[in-house]
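A.B. asks: sequence and predicted model, in that order:
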Amino acid sequence: MVDYINIGKIVTTQGHRGEVRVLPLTDFPERFDRMDEVLIHHNGERKIYHIEKTRRHKGFIILKFREVPDMNAALALKGAFLQVTTEQLVALPEDTYYIFEIIGLDVYTLGGEWLGKVTDVLTTGANDVYVVQEEGKRPLLIPALKSVVRNIDLDRKRMVVDLPPGLRD
């Protein structure tokens, strides 16, 4: 089974020549400059579109696709997601993970106590925060710091943490 990862969302058209305005959903928006094609997932279908031109505008990526000749065709793609496969992901430094890899991990204390599953990752200014949820309990907010997160094992879908005093109160 192939996994697809959203790297952008078409939010509207740009001009009248078939360009689309894309909200980047990636930490690497420069990747669009190097891409010749991208998968577009829209209305339950996934198709390859060929990128003719890329530019930036006010925090958005403006793309022109060969398959989109005019504004009406561009408007039909509004709300679509631009996707890549896991093989096309940008390589990360060691001990760095994509959010989709973290969500769903089982979280344990150093002593082996299960705390719940990571249900969300909050990106704050200083460091990310993992939202860990156990059914029937309040979410536990665990800072994504090396001093707290001691081990992440993606193969076993497991994270081990050393909770700071008072974090569960």
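C.D. replies: Yep, it's here.
A.B. asks: can you name the element that comes right after the worst-scoring helix or strand of the chain on mean pLDDT?
C.D. replies: Lowest on mean pLDDT, DSSP states H and E among the helices and strands of the chain sits helix 99-102, with a mean of 85. Using DSSP states H and E, the helix or strand that follows helix 99-102 in sequence is strand 106-109.
A.B. asks: which other residues reach that next one?
C.D. replies: 114-118, 130, 132, 140, 142, 157-163 (C-beta atoms under 8 Å, 6 or more residues apart in numbering). For glycine as for every other residue, the C-beta is placed from the backbone atoms N, C-alpha and C.
A.B. asks: what about G79, which SS state?
C.D. replies: Recorded secondary structure, G79: coil (DSSP: H, G, I helix; E, B strand; the rest coil).
A.B. asks: distance check, it against K9.
C.D. replies: 7 Å (C-beta to C-beta, to the nearest Å).
A.B. asks: for the least confident helix or strand of the chain, the distance to its chain's centre please.
C.D. replies: 8 Å (C-alpha atoms, centre = their mean, to the nearest Å).
A.B. asks: go on, stretch 24-34?
C.D. replies: 11 Å.
A.B. asks: again, but for stretch 30-46
C.D. replies: For stretch 30-46, the distance to the chain centre is 14 Å (C-alpha atoms, centre = their mean).
A.B. asks: give me the mean pLDDT for that stretch.
C.D. replies: Averaging pLDDT along stretch 30-46 yields 93.
A.B. asks: so for it, what gets flagged as buried?
C.D. replies: By neighbour count with 16 or more other C-beta atoms under 10 Å, stretch 30-46 contains the buried residues 31-32, 38-40.
A.B. asks: now the element after the helix or strand T54 falls within, going C-ward?
C.D. replies: Using DSSP H and E, T54 sits within strand 45-57. Later in the chain than strand 45-57, the nearest helix or strand by DSSP H and E is strand 60-65.
A.B. asks: sheet partners, orientation included, of that next one?
C.D. replies: Strand 60-65 sits in its sheet next to strand 19-24 (antiparallel), strand 45-57 (antiparallel), going by DSSP bridges.
A.B. asks: dump it to PDB, restricted to CA.
C.D. replies: Output of strand 60-65 as PDB, limited to C-alpha atoms (Å, rounded to 0.1, in the frame of the first residue of the first chain):
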ATOM      1  CA  PHE A  60       1.700  31.100  -0.900                       C
ATOM      2  CA  ILE A  61       3.100  29.100  -3.800                       C
ATOM      3  CA  ILE A  62       1.700  30.100  -7.200                       C
ATOM      4  CA  LEU A  63       1.700  27.100  -9.600                       C
ATOM      5  CA  LYS A  64       0.900  26.800 -13.300                       C
ATOM      6  CA  PHE A  65       0.100  23.300 -14.500                       C
END
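A.B. asks: perfect, that will be all.
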